[in-house]
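**Student:** Attaching a predicted model along with its sequence, questions to come.
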Amino acid sequence: MHRFFVTPEAIAGGRLTLAGDQARQVARVLRLAPGDRITVLDNSGQEYVVELTAVRPDAAQGRVVTVTPAPTEPALHLTLYQALLKADKFEWVLQKGTEVGISAFVPVWAERSILPLEAAEKKLGRWTAVLQEAAEQAHRARLPVLGDPIPLRQAFHDRALPVLLPWEGEQCRGLRTALEALGPVERLGLVIGPEGGFAEREVEAAVAAGALPVSLGPRILRAETAGLVAAAAILYHYGQWGG
Ligand code: SAH
């Protein structure tokens, strides 16, 4: 069944109304007709099965048949502060991270980031589309949030959020040890460096701001791999990966 994220106002009184691009996609691209069913997500964590009742390229309507809580959203809200990478690599992280179950992405500028902050700002529209497509494909019921690109130091302003800093220079504290010490959490931040890694002084500043350096094991992972691996391991640790 085709899946669509819609604005909360698109569903009211048990009825769905689609306009614009989505109506055109239903009518022209997918060639759906009255009687066909689609799954609709309004970012509330609920999943609506909707039977189409009227389909035109400029407007489509339907009737909500069932509403169920989506089983795909992890109870742990993971925010990935990803140092800016080459644009295609960054896109890859957004797409795969959405599949893995990350709930928010914040592009951060680190000293060795190849892509400047201003270039990242221009990519936000494209990156939002990548997230939406990945969320639909992965059957997510909430669109991962995309934060504004910020300098690394601003990633630590929320003192209430525990933040892990995977760093290949960390010799002692492994991820599991760190998570066991942390205990149950509802929200967790993860900061991953750029292709060339973090500068030593960036790590020092992050630690001074409360980030906990952790090792992701003996092998060096590429920047675009590290966040995905860490996120999967964290969700698994907290029982958010199925049985
Ligand atoms: N310093 C290296 C590797 C950078 S890897 C170099 O100069 O090429 C890019 C990012 O991935 C790092 O900043 C870190 O956040 C993460 N990372 C990769 N492998 C890791 C490991 N084994 N443990 C912890 N973090 C790792």
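**Tutor:** Noted; the coordinates are in hand. Residues are numbered from 1 along each chain as shown.
**Student:** okay, CA-based contacts and neighbour counts for the rest of this
**Tutor:** Noted.
**Student:** which other residues reach stretch 54-66?
**Tutor:** The contact list for stretch 54-66 (Cα atoms under 8 Å, 6 or more residues apart in numbering) reads 14-20, 23-28, 32-34, 48-53.
**Student:** could you redo the last one with a cut-off of 7 Å?
**Tutor:** If you take Cα atoms under 7 Å, 6 or more residues apart in numbering as the criterion, stretch 54-66 is touched by 14-20, 23-24, 27-28, 33-34, 48-53.
**Student:** List the ones among these that fall in strands.
**Tutor:** 15, 16, 17, 18, 19, 48, 49, 50, 51, 52, 53 (DSSP state E).
**Student:** and residue 119, which of the three is it?
**Tutor:** Following DSSP: H, G, I helix; E, B strand; the rest coil, we place residue 119 in the helix state.
**Student:** quick one, phi psi at residue 222?
**Tutor:** The phi/psi pair for residue 222 (degrees, to the nearest 10) reads phi -70, psi 160.
**Student:** host element of residue 68?
**Tutor:** Taking DSSP states H and E as the criterion, residue 68 maps to strand 59-69.
**Student:** Give me the sheet partners of that strand and which way each runs.
**Tutor:** strand 15-19 (antiparallel), strand 46-56 (antiparallel) (DSSP bridges).
**Student:** and residue 133, which of those is closest to it?
**Tutor:** Among the strands paired with strand 59-69, strand 46-56 comes nearest to residue 133, with 16.4 Å by Cα to Cα.
**Student:** among the contacts of stretch 54-66, which ones are buried?
**Tutor:** Listed as buried from the contacts of stretch 54-66 are 15-19, 23-24, 27, 33, 48-53; burial here means 16 or more other Cα atoms under 10 Å.
**Student:** What is the nearest of those to the ligand?
**Tutor:** Nearest to the ligand among the buried ones among the contacts of stretch 54-66 is residue 48, at 38.3 Å by Cα to the nearest ligand atom.
**Student:** Show the pLDDT at that closest one.
**Tutor:** pLDDT for residue 48: 97.
**Student:** From what I see, it and residue 37 are in contact.
**Tutor:** No. Residue 48 is beyond contact range of residue 37, at 10.1 Å (criterion: Cα atoms under 7 Å).
**Student:** right, and residue 167 touches residue 211 too?
**Tutor:** No. The pair residue 167 / residue 211 is not scored as a contact, 10.9 Å apart, by Cα under 7 Å.
**Student:** residue boundaries of the helices in this protein?
**Tutor:** For the chain, the helices defined by DSSP state H occupy 20-24, 87-100, 117-137, 175-182, 200-208, 223-237.
**Student:** Give me the buried positions along the fifth one.
**Tutor:** The one in question is helix 200-208. Neighbour counts over helix 200-208 (16+ other Cα under 10 Å) mark 202, 203, 206, 207 as buried.
**Student:** so who does the nearest residue to residue 120 once chain neighbours are set aside touch?
**Tutor:** Sequence neighbours aside, residue 149 is the residue nearest to residue 120 in space, at 6.6 Å (criterion: Cα to Cα, 6 or more residues apart in numbering). Going by Cα under 7 Å, 6+ apart, residue 149 touches 106, 107, 108, 117, 120, 121.
**Student:** Relative to residue 220, how far out is residue 149?
**Tutor:** Separation of residue 149 from residue 220 (Cα to Cα, to the nearest Å) stands at 26 Å.
**Student:** just residue 187 next, same as before
**Tutor:** Going from residue 187 to residue 220 by Cα to Cα gives 26 Å.
**Student:** Settle it for me: which of those two has more neighbours?
**Tutor:** The neighbour comparison of residue 187 against residue 220 (other Cα atoms under 10 Å) goes to residue 187, with 15 against 12.
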